[in-house]
Each structure stands twice: as structure tokens, then as C-alpha cells.
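# here is a sequence with its predicted model. Questions after.
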Amino acid sequence: MSLNLDDVDRKILRELQNDGRASFRDVSARISVSTPTVSSRVQAMVEVGLIRGYSTMLDADMLGQVSVVLLLESKPADLDKVVEKIKDQELVRQIYVLSDSRVMCILSFYNQFKYQRFLESLASVPEITRMDNSMVMRVPKESPRAALTDEAGLLIKCYYCGHMMKDEGVKIKLDGKYHYLCCSVCERLYREKYEKLKKSAGTLKPVVQAHPPHEH
């Protein structure tokens, strides 16, 4: 696939967003393309990271959970440190790094005591300069953050240098999978690195015993 989503890509994504349980056969029937086309397009979008997975949206209120919006302030240079402190916490469901040196988190939890302990742990993080929190009272709308429009394209990170690719770049196929590079220089360096890793992996052969020990 290219960095420009075509109509078929968009139709597939809309069907999957509307019904994540739909099979490739179901999607193909709905948009009038073959099942192999749907399968190959989805696989390509999974490989580049556009489709990040399939999940079931649960109603937190029906599960008896309390939700809170938490805003954390820090210096711009400390934002990544703040994220590292909180990202693996079970009650932290979403994290957004904002442009004004703040981190916004959505928390959901059953146990008020665990929530209080979490806040107390944040109070001891020196990079956090201020905290504000508000309880979520109602959720009139809750949709996935990615909004698919006709103008949507793809911004893929170069597999070698990590820069975002706004142009077509270079697409190569290695061992049956596509790899995306921003330029011919990164392509050459990436191929060299790939081959070195393959050779090094090939030299790590498992140790096989010629004569297994006798069982007693």
C-alpha cells in the first residue's frame, strides 16, 4: 500500500470501525470487493501500524467504575519522565501529552483507596509541578480518537531513521514483509542492518546433544 489511502482502504476501515467483529468475507460483501483484497489490504494496514488491534468497548458506568480526568503539569523537558511514571498503571486508561506542557489522563477505577494511593504516589514525583482532577459525571459521546475522512492519508515513520514520511518514500519487501524507508540512503543502510541481523541470528544455532542422557 502507499501513503495515500484509496477508496477501498477507507471503505474497509469504516466497516471495521463500525463492526470490529465483521469477518473479511462480511466486509468484502458489504463493499463489493473480493475477500482476498480485504485480507491483503488489512494485513498491509496492520503491518504499517494504522490498524493497532481489535477491541471491545465496554461501558465503564455499567461496570460500576468511577472515571476521572487528571491533568498533570511539568516542564517541557520532563513530560516524557512524567509519562513513564504513569503509563503502566492499571487505572490509567488513556494518556494525552498536550502542547502546554501538561499531560491529560483518563482514569477508571473501582477502589477509591487505590485512587488515593495513586495520587499520593504522584505527589512524590519531582517532575510534576501541579495536579488537577475532575470526576466524569456523564459521557454523552465516546468514540475512537481516529476520525476517518476522505482527506485522510498515512504518516509512516521511516523504519531506519524514524522520521515521519509525508511523501511516498521507498517501499521494499524483505522476507515476505514490506518495510518503509524515507529515502534511498535510509534504504541502503536499512538493508545492510537487516542483513547483518539475519546473519547474526543464523549463527546462533541451538546446541543439540548427540547422545541424550539415559533415563533412570
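Nice, I can see it.

# contacts, neighbours, all on C-alpha from now
OK.

# which residues sit against the longest helix along the chain?
Secondary structure of the chain per DSSP state H: the longest helix is helix 184-203. Helix 184-203 is contacted by residues 159-161, 170, 181 when judged by CA atoms under 8 Å, 6 or more residues apart in numbering.

# what of stretch 112-121?
With CA under 8 Å, 6+ apart as the test, stretch 112-121 has contacts from 91, 109.

# may I see the buried residues of it?
In terms of neighbour count (16 or more other CA atoms under 10 Å), stretch 112-121 has its buried residues at residue 115.

# what of stretch 144-156?
Across stretch 144-156, burial judged by 16+ other CA under 10 Å covers 154-156.

# how many neighbours does residue 197 have?
Using other CA atoms under 10 Å as the criterion, residue 197 is surrounded by 11 other residues.

# same thing with residue 13?
A count of nearby residues for residue 13, using other CA under 10 Å, gives 21.

# chain neighbours aside, what residue packs nearest to it?
Nearest in space to residue 13, with sequence neighbours left out and distances taken as CA to CA, 6 or more residues apart in numbering, is residue 148 at 7.9 Å.

# for the protein, give me the ranges with low pLDDT.
For the chain, applying pLDDT under 70 flags the ranges 1-4, 151-153, 166-168, 203-216.

# can you give me the helices in it?
With DSSP H as the criterion, the chain has helices spanning 7-18, 24-31, 35-47, 79-86, 112-123, 184-203.

# kindly report the domain assignment for the protein.
1-55, 66-135, 155-203 (automatic domain parsing).

# of all these, which one comes closest to residue 141?
domain 66-135 (14.3 Å; CA to CA).

# now the terminal residues of the closest one, how far apart.
8 Å (CA to CA, to the nearest Å).

# can you check stretch 92-107 too?
End-to-end span of stretch 92-107 (CA to CA): 5 Å.

# same question for stretch 134-142.
From its first residue to its last, stretch 134-142 covers 17 Å (CA to CA).

# residues in contact with it?
Residues outside stretch 134-142 that contact it (CA under 8 Å, 6+ apart): 66-70.

# now that we have these, which one has the most neighbours?
residue 67 (22 neighbours).

# quick check: chain neighbours aside, which residue is closest to that one?
Spatial nearest neighbour of residue 67, excluding adjacent residues (CA to CA, 6+ apart): residue 108 at 4.3 Å.

# got the phi and psi for the most centrally placed residue in the chain?
The structure's the chain has its C-alpha centroid closest to residue 52; by CA atoms, centre = their mean the separation is 5.0 Å. For residue 52, the backbone dihedrals (degrees, to the nearest 10) come out as phi -100, psi 0.

# how close does it sit to residue 42?
Separation of residue 52 from residue 42 (CA to CA): 11 Å.

# contacting residues for the residue nearest to residue 180 when sequence neighbours are not counted?
Nearest residue to residue 180, sequence neighbours excluded (CA to CA, 6+ apart): residue 171, at 4.7 Å. Contact partners of residue 171, counting by CA under 8 Å, 6+ apart, are 178-181.

# how about residue 122?
residue 128.

# could you dump the buried residues of stretch 144-156 into CSV and include distance to residue 22?
Below are the buried residues of stretch 144-156 laid out as CSV (distance: CA to CA, whole Å):
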residue, distance to residue 22
154, 24
155, 26
156, 26
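
# of those residues, which is the nearest to residue 130?
residue 155 (33.6 Å).
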